[in-house]
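1. predicted model and sequence follow; I will ask about them next.
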Amino acid sequence: MISWQEILLRLGLAAFFGAVIGFERERKNWAAGLRTHMMVCLGACLIIIVSAYGFADVLNNKNVTLDPSRIAAQVISGIGFIGAGTIIFLRQGTIRGLTTASGLWTVAAIGLATGGGMYMAALLTTILAVIILWLLQPLERLLSEKYKQYVLKITTPDKSKSLKVLNDIITVNGLEVLEISLTKAEEDFIISCTFKQINKQQLASLANELQSDEQIKEVFWKV
């Protein structure tokens, strides 16, 4: 059995590592913030300590063996329930919270490493996690802006008008359309266009132009 000083060291380091990663989520006002990450990392650390040393009194009995890795496997799979709670479905095609969920999964692994006495592995993982979550964010924004797609939806009750709008978008405006569709919903016709090479000002101008047409019922665009 390890000493209480060693137990305190491992639990304290786990709480610290969880706090470092949790702080990055906290500053963005996510539901899983500083305290949540600390508790996940601390709990995972305690679980692996109990798994490795908590059954020492029965190991001397005949035909009794110990496999601490079984508990670690249960922690890694079980943390998915908490991670799923941080994922938010805003609307069709828009999901938020995946990074926070993956962060919680990583924090649980850091807690297990700390509880197992692998301090350097836990420290290096914490540093790399902070780099991924914080320092690489500007690069992620740059790449997402470069490959961002815009969707324009136009609703009109007149089929002939919808066909004319389709023709205008494809030919008159000279826009690069990646995908286009025309569907009928009850009494209306809905045009859905996905653009790549278009900026927000250009898209807003197109939307305002379409909204001024009395034959067009609704214009909606999103990124």
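-> Looks like it came in fine.
2. can you show me the strands along the protein?
-> 88-91, 94-96, 150-156, 177-185, 188-195, 218-222 (DSSP state E).
3. the third one to strand 188-195, inter-axis angle?
-> Using axes from the mean of the first three to the mean of the last three CA atoms, to 10 degrees, the inter-axis angle of strand 150-156 relative to strand 188-195 is 160 degrees.
4. what's the average pLDDT for strand 150-156?
-> The average pLDDT for strand 150-156 rounds to 83.
5. and the strands of the chain as CSV, adding distance to residue 120 and mean neighbour count?
-> Yep, even glycine has a C-beta here, placed from its N, CA and C like the rest. As requested, these are exported to CSV (distance: least, CB to CB, whole Å; neighbours: other CB atoms under 10 Å):
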stretch, distance to residue 120, mean neighbour count
strand 88-91, 35, 10
strand 94-96, 33, 11
strand 150-156, 46, 19
strand 177-185, 47, 12
strand 188-195, 47, 19
strand 218-222, 45, 15
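6. of these, which is nearest residue 76?
-> Relative to residue 76, the nearest member of the strands of the chain by CB to CB is strand 94-96, separated by 22.2 Å.
7. out of the strands of the chain, which is closest to residue 211?
-> Nearest to residue 211, of those and by CB to CB, is strand 218-222 at 4.9 Å.
8. what lines up beside that closest one in the sheet?
-> strand 150-156 (antiparallel) (DSSP bridges).
9. quick one: residues in contact with the partner strand.
-> The contact list for strand 150-156 (CB atoms under 8 Å, 6 or more residues apart in numbering) reads 162, 165, 169, 188-196, 198, 200, 203, 206-207, 210, 215-223.
10. having no further points to raise, I will conclude here.
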